[in-house]
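Engineer: Requesting a structural model of the entry that follows:
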Amino acid sequence: MKKKLLIRDLTMRDGQQSQFATRMSQSQVDRLLPYYKKANFYAVEVWGGAVPDSIMRYLGEDPWYRLESIKAVIGNVSKLTALSRGRNLFGYSPYPDSVIEGFNKNAVKSGIGIMRIFDALNDISNMKSTINYVKKSGGMADCAVCYTVDPKYSFSQKMKNIFQGKKNKIFTQEYFVDLARQLESFGADMISVKDMAGLIPPQVAGPLIRKMKSEVSIPIDIHTHCTPGYGIPTVLVAMLSGVDVIDTCIMNFAGGPAAPAFEIMQIFADKLGFDTGVDLEAVAAINLELLNIRKELEKFDTTKMFPRPFDISKDKLPAEVDSLFDKAIEYAKAEKYDELIEVCNGIDKYFNFPGPNEIVKNAEIPGGMYTNMLAQLKQGKLDHLVNDVMKIVPEVRLAAGLPPLVTPTSQIVGAQAVSCIVDKAKGKPFYTTKSSNFVNLVLGVYGKTPVAVDPNFREFLCGTREETPYDTSKYQKQPNPTLPEYGDVKLALNEKEELLLELFPAVAGNFLKTQRAAEYRMQLDEEERLRQEELAKIPPEPELTEEEKIDRLYNGW
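Structural biologist: Purely as a prediction, here's the structure:
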């Protein structure tokens, strides 16, 4: 009997967000759904992340309708999954329990079966309320352990850390396993090793998955990206190490900054005797439609590298390529990781996926963080200072409590590192320019950092030595004004629309106002149509004779 391997398809959320700036329209999604109904994936990630914001902001579409329309077609076949930042939901600021409960209750009611919950600091206290409300509403709580690496300290910084009593290694195997154990005790139904930057190499992934499997009793999922070239070998080693679920994208939305291709991992599954339960003909049909959609999204395409056409249901690999898969399995089992990575990069090359991003690979920072820092420097025509910025990222990160480099903390740390180097170039001390987000991170507004912030640094930067958590009791609900210009209706008409206002005030405000305007125009058009129908029902007056016309004229009619 074959071993079971569950597949979470990321194409319609993480895939399009990583590759095409989250610009898939409702009509494009609708074209895929009949095929997804046949595909039989264990889970399909369709919502959360940047989807609700982006489709309102750029497409003028309703996020709740997006979710409910997908649920109506495939919700009885695959579990629909979404991504949430726990107490922060979709933004930076923590929300009170009333908002967290309302959001999760409505998300599950509208179709979410699994909510993937993470916190950018790996602060479990920021995840507890979401875990409770998801489970209370009938959903599964998939709790993510955000993978990150220790900074690449210089020798002098390492010695300085030792002198100050600070550890040079924080993000050990035991750190991540301990998080998993805690999350299970708080009610997690599943643990995801969430590696948004693609930084986890196979030699780390294997032992980590095996240790987690021995320490927790709930399913383990591996989520990674292909940016530095580790995606395929890391997921392969995770499969061999007993992982329960793997995250993939269908080929035309896979690779590069996105997750590994399902088709490639399915070939490995077949060779290893795993049963994914996925209908391969349906996947081939989805991939063909994704090719059309990718062409339609050309201006948002980050790599513009189309994968080699491949029908997983019937196409055979050339013998020399097929042998690469066999070699990869051999090297993975023998723990020959350098050879494994090289062979898997060869598989990527055959299918025309982007090669490893060497900057990200060597610097061990997320690709998005690097590009954001470079763009920030280019604005001031200081991009020649990018290497100086890279050198001080570890210092800035340590000063802020060593946050994991995931969204949004990677952007906060990266932007502050740029500001420090720009300050230096202007002859000013570091931290002369400081962002409010960095200040809040150091204050403790976003939660507990992996290591405590030095009180002296907090006082220097923020004016206080004391940690200052966010006080949700001071939270003020977003206004929901009446719109006299559209018939005195409220801007948000129901709880779901009110939640959009809470989570995306400016974007949802504009979106909902446009919705009310369109509805008001339709109402006026309908009223005019009904008036014309009523007028049409009035029988015409009979034609007057000439004598009657003269009589009316002279008698003052």
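Engineer: Of all the helix elements in the protein, which one is longest?
Structural biologist: Assignment by DSSP state H gives helix 505-537 as the longest helix of the chain.
Engineer: which is the next helix or strand following that helix?
Structural biologist: helix 546-554 (DSSP states H and E).
Engineer: avg pLDDT for that following helix?
Structural biologist: Helix 546-554 carries an average pLDDT of 72.
Engineer: Just the buried positions in the longest helix of the chain, please.
Structural biologist: Using 16 or more other Cβ atoms under 10 Å as the test for burial, helix 505-537 gives 507-509, 511-512, 515-516. Every residue, glycine included, has its C-beta placed from N, CA and C.
Engineer: low pLDDT regions in the stretch 351-500 of the chain?
Structural biologist: Applying pLDDT under 70 to the stretch 351-500 of the chain flags no residue at all.
Engineer: Kindly recompute the last result at 80.
Structural biologist: 363, 367-368, 371 (pLDDT under 80).
Engineer: Could you do the stretch 101-250 of the chain as well?
Structural biologist: Residues of the stretch 101-250 of the chain meeting the criterion pLDDT under 80: 153-154, 156-157, 161, 163-166.
Engineer: That one: strands as residue ranges?
Structural biologist: 112-117, 140-146, 190-194, 220-223, 245-248 (DSSP state E, counting those that start in this stretch).
Engineer: any chance of those strands in TSV, with distance to L524 too?
Structural biologist: TSV is the format used below for those (distance: least, Cβ to Cβ, whole Å):
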stretch	distance to L524
strand 112-117	37
strand 140-146	46
strand 190-194	49
strand 220-223	49
strand 245-248	48
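Engineer: Out of those, which gets nearest to D9?
Structural biologist: In terms of Cβ to Cβ, the element of these nearest to D9 is strand 245-248, at 6.5 Å.
Engineer: Contacts made by the closest one with the rest, please.
Structural biologist: Taking contacts as Cβ atoms under 8 Å, 6 or more residues apart in numbering, the residues outside strand 245-248 that touch it are 5-10, 14, 42-43, 45, 190, 192, 219-224, 235, 238-239, 254, 259-262, 265.
Engineer: So which of the residues you listed sit within helices?
Structural biologist: The helices, defined by DSSP H, take in 235, 238-239, 262, 265 from these.
Engineer: outside of stretch 262-279, which residues touch it?
Structural biologist: 2-7, 9, 38-42, 232, 235-236, 239-240, 246, 248-251, 254, 280, 283, 287, 310, 312, 317, 325-326, 328-329, 347, 351.
Engineer: Now a PyMOL select for only the buried ones of those.
Structural biologist: PyMOL command restricting the contacts of stretch 262-279 to the buried ones, with burial defined by 16+ other Cβ under 10 Å:
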select buried, resi 5+6+7+9+39+40+41+42+232+235+236+239+240+246+248+249+250+251+254+280+283+287+310+312+325+328+329+347+351
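Engineer: got a list of what Y520 touches?
Structural biologist: Counting by Cβ under 8 Å, 6+ apart, Y520 touches 485-487, 489.
Engineer: what about stretch 160-176, how long is it end to end?
Structural biologist: Start-to-end span of stretch 160-176 (Cα to Cα, to the nearest Å) is 26 Å.
Engineer: got it, and stretch 87-94?
Structural biologist: End-to-end distance for stretch 87-94, by Cα to Cα: 5 Å.
Engineer: buried ones in that stretch?
Structural biologist: Within stretch 87-94, the residues that count as buried by 16+ other Cβ under 10 Å are 87-90, 92, 94.
Engineer: contact partners of stretch 61-77?
Structural biologist: Contacts with stretch 61-77, where a contact means Cβ under 8 Å, 6+ apart, come from 12, 25-26, 29-30, 33-34, 36-37, 39-41, 44, 46-47, 51-52, 55-56, 80, 82, 106-107, 110-113, 496, 500, 511, 515.
Engineer: then it to PDB, C-alphas only?
Structural biologist: Extracted in PDB, the C-alpha atoms of stretch 61-77 (Å, rounded to 0.1, in the frame of the first residue of the first chain):
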ATOM      1  CA  GLU A  61     -13.500  43.300  -6.600                       C
ATOM      2  CA  ASP A  62     -15.100  42.000  -3.400                       C
ATOM      3  CA  PRO A  63     -12.700  39.800  -1.300                       C
ATOM      4  CA  TRP A  64     -15.600  38.000   0.400                       C
ATOM      5  CA  TYR A  65     -17.200  37.300  -3.000                       C
ATOM      6  CA  ARG A  66     -13.900  35.900  -4.200                       C
ATOM      7  CA  LEU A  67     -13.800  33.400  -1.300                       C
ATOM      8  CA  GLU A  68     -17.500  32.500  -1.400                       C
ATOM      9  CA  SER A  69     -17.400  31.900  -5.200                       C
ATOM     10  CA  ILE A  70     -14.500  29.500  -4.900                       C
ATOM     11  CA  LYS A  71     -16.200  27.700  -2.000                       C
ATOM     12  CA  ALA A  72     -19.300  27.200  -4.100                       C
ATOM     13  CA  VAL A  73     -17.400  25.300  -6.700                       C
ATOM     14  CA  ILE A  74     -14.600  23.400  -5.000                       C
ATOM     15  CA  GLY A  75     -15.300  23.700  -1.300                       C
ATOM     16  CA  ASN A  76     -16.600  20.200  -1.000                       C
ATOM     17  CA  VAL A  77     -13.600  18.700  -2.800                       C
END
